[in-house]
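Novice: predicted coordinates and the sequence they were generated for:
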Amino acid sequence: MPEVIFVTSDDIALGVLKGLRDLEIKVPEEVQLIGFDDMPFSKHYTPSLTTIAQNRHELGTLAAKTLIHKIEHPDDEMDMVTRIPVQLIVRESTLQE
């Protein structure tokens with residue numbers, strides 16, 4: 001059994017949490033669970049979900065600017081990497097040492 005499960009969204013984490021409960025696997029005692037997105041409901045799970053928060057406003061702004069650039073310059077090659085800072089929000093679904 002894995003020690004930690006990391007999933008790509010808090011929505012998926014909710015499904016994983018339900019599956020673990022159905023299998024009577026205790027979170028975080030037997031397996032720790034980490035989501036991604038820090039959706040508002042993630043702090044209301046039982047146990048509350050450790051997650052990765054990202055700045056959705058900044059992400060949306062970047063996406064819109066990229067789309068506008070592509071519309072205005074359709075022949076431009078867009079080979080870019082952009083990093084947007086994230087923050088680990090530690091809650092009950094992981095063990096704190």
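Specialist: Noted; the coordinates are in hand.

Novice: for this protein, which segments count as helices?
Specialist: Counting by DSSP state H, one finds helices in the chain at the ranges 10-22, 56-72.

Novice: so which bits of the shortest one are buried?
Specialist: So the one you mean is helix 10-22. Neighbour-count burial for helix 10-22 flags 10, 13-14, 16-17, 20 (criterion: 16 or more other C-beta atoms under 10 Å). (C-beta placed from N, C-alpha, C; glycine too.)

Novice: least confident secondary structure element in this structure?
Specialist: Least confident element among the helices and strands of the chain, by mean pLDDT, DSSP states H and E: helix 56-72 (a mean of 92).

Novice: now the helices of the chain in JSON lines, with distance to residue 96?
Specialist: Converted to JSON lines, these look like this (distance: least, C-beta to C-beta, whole Å):
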{"stretch": "helix 10-22", "distance to residue 96": "18"}
{"stretch": "helix 56-72", "distance to residue 96": "26"}
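
Novice: contacts only, for the residue most central in space within the chain.
Specialist: Residue closest to the average C-alpha location in the chain (C-alpha atoms, centre = their mean): residue 36, at 0.7 Å. Shown in contact with residue 36 (C-beta atoms under 8 Å, 6 or more residues apart in numbering): 6-10, 51-52, 54.

Novice: that older thread, for residue 92, which of the helices of the chain is the nearest?
Specialist: Evaluated over the helices of the chain, closeness to residue 92 peaks at helix 10-22, with 11.1 Å, by C-beta to C-beta.
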